[in-house]
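Student: got a predicted model here, sequence first, then my questions.
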Amino acid sequence: MELNTPSSRDHRDLEPPSQHQDHQPGTEAEMEPRPQYIDPNYKAARKLEGKVGLITGGDSGIGRAVAVHFAAEGANVVINYLSEQEKQDAEKTISLITSNGGQGLAVQGDISDASFCQSLVDKTIETFGQLDVVVNNAAQQYPQSSIEDIDQAQLEKTFKTNLFSMFYLVKSALKHLKEGARIINTASVTAYKGNKMLVDYSATKGAIVSFTRSLAQQLADRHIYVNAVAPGPIWTPLIPASFSPEKVEDFGTDVLLKRPGQPSEVAPVYVFLASNDSSYITGQVIHPNGGTVVNG
């Protein structure tokens, strides 16, 4: 199985050079250096044998890393990606799923559309006959220096993509989720500490934390586990697609570890939450954030 990455460099050496991409959510193939999606020393234990996972935003960044880890752990994986601009990343991710022992399916579409979320679940069931792990991961962000610059279109787009999509996908998936199923939502450190340039994005991530805790309470009697991951500064396509070249160069240097994290350092948290290792955990948020202190 292929467990090495485009570069097996020590993740502690990550110092992104200045760069920028002009489209959201960004393309991994255009990044320098390429993110590490799995550590070459990762030891899979087939913790997800026979499971099927569905990952939004699964073509690149954290989503790709989760998809590859799930495949290495024995799962078949459906990934969603937004547009033709991300097709190259999606095809690469499917090849990585296959080389790590899983079967993969890539589905293009906009998760801010409720009908597409329904069709995404339908295609998952048609292809694999079951659904065991839903990873609500896709997100977009548009930095603005003032709330006065956040127009109605941006506000609605951010909330529809980052938050409304989770409602749509969970509602579509629930009838297929059996006892022991997992729902894992990607929140963010911004939910806890805020970000003056990302007011609307941070607001969606705070809402995701509350959504996670509330949904966990609602589904506990059905023995469906609901948790979230709140990453700190992780080197993904969203970063060069969101910020200026100068900010990209300084990205992640303000945390205790003084560097951005790699997707490979976050994905094992999703494996933990998707597996029976987390059998006494629901309604919680895990914080792979490089040492940022958060409350809640």
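Tutor: Nice, thanks for sending it over.
Student: only C-alpha atoms for contact and neighbour calcs from this point on.
Tutor: Will do.
Student: could you count how many residues lie near Gly109?
Tutor: Look at Gly109: counted by other Cα atoms under 10 Å, it has 17 neighbours.
Student: read off the pLDDT value for it.
Tutor: Note on Gly109: pLDDT of 97.
Student: for it, which non-adjacent residue is spatially closest?
Tutor: Nearest non-adjacent residue to Gly109, counting by Cα to Cα, 6 or more residues apart in numbering: Leu82, 5.0 Å away.
Student: hey, where'd the helices end up in the protein?
Tutor: Under the criterion DSSP state H, helices of the chain are mapped to 61-72, 87-99, 114-128, 152-159, 165-173, 190-193, 199-219, 238-242, 245-250, 267-274.
Student: any chance of a markdown table for those helices, columns distance to Pro16 and mean neighbour count?
Tutor: What follows is the helices of the chain, written out as a markdown table (distance: least, Cα to Cα, whole Å; neighbours: other Cα atoms under 10 Å):
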| stretch | distance to Pro16 | mean neighbour count |
| --- | --- | --- |
| helix 61-72 | 15 | 30 |
| helix 87-99 | 20 | 20 |
| helix 114-128 | 34 | 18 |
| helix 152-159 | 26 | 15 |
| helix 165-173 | 31 | 21 |
| helix 190-193 | 21 | 19 |
| helix 199-219 | 23 | 20 |
| helix 238-242 | 10 | 24 |
| helix 245-250 | 5 | 16 |
| helix 267-274 | 20 | 21 |
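Student: could you redo these as JSON lines and give each row mean pLDDT and distance to Gly290?
Tutor: What follows is the helices of the chain, written out as JSON lines (pLDDT from 0 to 100; distance: least, Cα to Cα, whole Å):
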{"stretch": "helix 61-72", "mean pLDDT": "97", "distance to Gly290": "15"}
{"stretch": "helix 87-99", "mean pLDDT": "96", "distance to Gly290": "26"}
{"stretch": "helix 114-128", "mean pLDDT": "98", "distance to Gly290": "33"}
{"stretch": "helix 152-159", "mean pLDDT": "98", "distance to Gly290": "25"}
{"stretch": "helix 165-173", "mean pLDDT": "98", "distance to Gly290": "26"}
{"stretch": "helix 190-193", "mean pLDDT": "96", "distance to Gly290": "13"}
{"stretch": "helix 199-219", "mean pLDDT": "98", "distance to Gly290": "18"}
{"stretch": "helix 238-242", "mean pLDDT": "72", "distance to Gly290": "16"}
{"stretch": "helix 245-250", "mean pLDDT": "76", "distance to Gly290": "15"}
{"stretch": "helix 267-274", "mean pLDDT": "98", "distance to Gly290": "14"}
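Student: hmm, back to that, the residue nearest to Gly109 and Glu15: what is the separation?
Tutor: As for Leu82, its distance to Glu15 is 28 Å (criterion: Cα to Cα, to the nearest Å).
Student: cool, and Val229?
Tutor: Distance, Val229 to Glu15, using Cα to Cα: 24 Å.
Student: which one's more surrounded, these two?
Tutor: Val229 (24 against 19).
Student: can you check the pLDDT for that one?
Tutor: At Val229, pLDDT is 98.
Student: contact partners of stretch 124-133?
Tutor: 51-54, 76, 78, 173, 176-178, 180-184, 274 (Cα atoms under 8 Å, 6 or more residues apart in numbering).
Student: for Trp206, give its distance to Asn162.
Tutor: Actually, residue 206 is Gly. It isn't Trp. Counting by Cα to Cα, the gap from Gly206 to Asn162 is 11 Å.
Student: swap in Ile55?
Tutor: Ile55 is 14 Å from Asn162, by Cα to Cα.
Student: repeat that for Gln144.
Tutor: 17 Å.
Student: check Tyr270 too.
Tutor: From Tyr270 to Asn162 the distance is 18 Å (Cα to Cα).
Student: check Pro237 too.
Tutor: Applying Cα to Cα to Pro237 and Asn162 gives a distance of 16 Å.
Student: and what of Ala191?
Tutor: 13 Å.
Student: got any residues that touch both of those two?
Tutor: 204-205.
Student: dump the residue contacts of Ala106.
Tutor: Contacts of Ala106 (Cα under 8 Å, 6+ apart): 78-81, 90-91, 94.
Student: run the last query once more with 6 Å
Tutor: Neighbouring residues of Ala106 by Cα atoms under 6 Å, 6 or more residues apart in numbering: 78-80.
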